[in-house]
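*Asks:* attaching a predicted model along with its sequence, questions to come.
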Amino acid sequence: MVTWRPTLSCQFNFQPLALLPYRSNIWGEMKQTNSVLAAILISFLTGVCARGQTHSPIPLTAMQQAAQATAVRDFDHGNFAAALPIFMKLAAVGDARSETDLGRMYYHGWGVAADQDQAFELLSQAAAQHYGRAEDALGGIYQYHAIDDKAYYWYSRAAQDGYALGEAHLGVMYRYGIGVAIDYSQARHWDEAAAAQGDGVGYNGLGDIYYSGLGVPQDDTKALAYYRLAVAHGDAEGFSGIGYIYLNGRGVPHDYMTAKQNFLAAGRAGCGCGENAIGYMYESGLGVSPDEKAAFAWYGLAARDGDAQGESNLGQMYQYGRGTTVDIRQAVNWFQAAAAQGNADGESNLADLYRTGRVWNRTTPRRRNYINKPRHRMTRTRRPS
């Protein structure tokens, strides 16, 4: 199945990071993930998760349904050129599924020249039919551009129309106060609704709620159970949640090997939070020999995958010359990227640089909070999936 991997917003306009020297070793480590996690990960990468509404409100003839099934199969295998003409024909007769997938193709430039205006028009046509996948995708577009009130509106529409991923995203909005006041009761309600449809993102949200005790008594046992359910239902961030449980020894003995295996599984699925956590393990020597070059490489991967904490941590590596040479310009760029996602460390680090106007030496105390699981899980870099 085609899935979106987070990328950095074009607004940051900084030089691409040079090829990271540890990249080959990194992917080698990922391949060494134990067989149980690997089996789960293969299931995640190849499975289709419950996502609520998947059928167009407009009925199709048997011939059109067969053509759509062929186009969807081609789309999911990356054969966009074959899917394109079929989706265009079906979108022309108002098929919401085809309008949505064609809109995704235009948005990402998959098999067609990228055209965000055309993408928005197609998604809006599908959303007008109360097609949940399109409504959720519009929420992602508005959130990516930091128009949080409209993101909240479209996620709400998707949730009210019974689309599981829209329910999960609405839960995140309530959990972190994005476009709406924080309401942990509503967050739990929508995460539970999504989880009831078998949505991994909803299970992961429930894991976060119990991990941090958001409106409920803090419960590590429940958090771990929900993270495992998230993984079983296709959400890679569940691997990261499990990793943090073992990294911090929350309700279980400290187990750095198990933590690292889960972070590797998350990273292999394109989850920057897992890559960031491995960077921390290398920088701090948790279960591995301290290695600043490896930490720098892992933070770089996390930043490239749009993880805000990874961006902030990469900025600090540049700021202090840890695992790389001092480069204040790069530090500022990565702090700006993190701050644009609402990351408190990125904002603080950027403010400190602007205030002092000098290069700090390697002995300057750091204030970053590695060990706690990041709370801001839904970032500005989300795009339509």
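*Replies:* Right, received. Where do you want to start? Predicted model, so just to flag it, every value in this text is computed and none were measured. Numbers count the residues shown, from 1 in each chain.
*Asks:* report how many residues lie close to Tyr354.
*Replies:* Tyr354 has 10 neighbours, counted by other C-beta atoms under 10 Å. No exception for glycine: its C-beta is placed from N, CA and C like everyone else's.
*Asks:* cool, Gly285 as well?
*Replies:* For Gly285, the count of nearby residues is 12 (other C-beta under 10 Å).
*Asks:* ditto for Gln160
*Replies:* Gln160 - counted by other C-beta under 10 Å - has 14 other residues nearby.
*Asks:* list the contacts for it?
*Replies:* For Gln160, the contact set (C-beta atoms under 8 Å, 6 or more residues apart in numbering) is empty.
*Asks:* so Tyr142: helix, strand or coil?
*Replies:* Tyr142 falls in the helix class when you classify it by DSSP: H, G, I helix; E, B strand; the rest coil.
*Asks:* what distance do you get for it to Ala164?
*Replies:* Distance, Tyr142 to Ala164, using C-beta to C-beta, to the nearest Å: 20 Å.
*Asks:* okay, these two: which has more neighbours?
*Replies:* Relative neighbour count places Ala164 above the other of Tyr142 and Ala164, with 29 against 18, counting by other C-beta under 10 Å.
*Asks:* wait, that one sits on Gly198?
*Replies:* Yes: under the criterion of C-beta atoms under 8 Å, Ala164 makes contact with Gly198 at 7.3 Å.
*Asks:* so where's this structure shaky on pLDDT?
*Replies:* Under the criterion pLDDT under 70, the flagged ranges of the chain are 1-56, 357-385.
*Asks:* longest helix of this protein?
*Replies:* helix 62-76 (DSSP state H).
*Asks:* next secondary structure after that helix?
*Replies:* Helices and strands here follow DSSP states H and E; after helix 62-76, the next one along the chain is helix 80-92.
*Asks:* I'd like to know which elements that following helix is packed against.
*Replies:* If you count contacts as 3 or more C-beta pairs under 8 Å, 6 or more residues apart in numbering; DSSP states H and E, helix 80-92 packs onto helix 62-76, helix 96-108.
*Asks:* in it, what counts as buried?
*Replies:* For helix 80-92, burial by neighbour count (16 or more other C-beta atoms under 10 Å) applies to Phe80, Ala83, Leu84, Ile86, Phe87, Met88, Leu90, Ala91.
*Asks:* which one of the residues you listed sits closest to Thr70?
*Replies:* Nearest to Thr70 among those is Ile86, at 6.7 Å by C-beta to C-beta.
*Asks:* was I right to think that closest one contacts Ala69?
*Replies:* No: if you go by C-beta under 8 Å, Ile86 and Ala69 don't touch, sitting 9.7 Å apart.
*Asks:* reformat the helices and strands packed on helix 80-92 as a markdown table; add mean neighbour count and distance to Phe120.
*Replies:* Shown next, in a markdown table, are the helices and strands packed on helix 80-92 (neighbours: other C-beta atoms under 10 Å; distance: least, C-beta to C-beta, whole Å):
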| stretch | mean neighbour count | distance to Phe120 |
| --- | --- | --- |
| helix 62-76 | 16 | 19 |
| helix 96-108 | 26 | 7 |
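*Asks:* which one, of these, ends up nearest to Ala181?
*Replies:* For these, proximity to Ala181 was assessed by C-beta to C-beta; helix 96-108 is nearest, at 30.0 Å.
*Asks:* who's in contact with the very next helix or strand once past the closest one?
*Replies:* Where DSSP H and E defines the elements, the next helix or strand beyond helix 96-108 is helix 116-127. Defining contact as C-beta under 8 Å, 6+ apart, one finds that helix 116-127 is touched by 91, 94, 96-97, 99-100, 102-107, 133-135, 137-138, 141, 154, 157, 384.
*Asks:* quick one: distance of helix 116-127 to the chain centre.
*Replies:* Remark: helix 116-127 is offset 23 Å from the chain centroid, using C-alpha atoms, centre = their mean, to the nearest Å.
*Asks:* between helix 80-92 and it, find me the angle.
*Replies:* For helix 116-127 against helix 80-92, the angle between stretch directions is 50 degrees (axes from the mean of the first three to the mean of the last three C-alpha atoms, to 10 degrees).
*Asks:* what residues sit buried inside helix 116-127?
*Replies:* Buried residues in helix 116-127 (16+ other C-beta under 10 Å): Gln118, Ala119, Phe120, Leu122, Leu123, Gln125, Ala126, Ala127.
*Asks:* same for the helix or strand harbouring Val231, what does it pack against?
*Replies:* Taking DSSP H and E as the criterion, Val231 maps to helix 220-232. Here helix 220-232 touches helix 35-46, helix 200-212, helix 237-248, going by 3+ C-beta pairs under 8 Å, 6+ apart.
*Asks:* can you rerun that using 7 Å?
*Replies:* The helices and strands touching helix 220-232, judged by 3 or more C-beta pairs under 7 Å, 6 or more residues apart in numbering; DSSP states H and E, are helix 200-212, helix 237-248.
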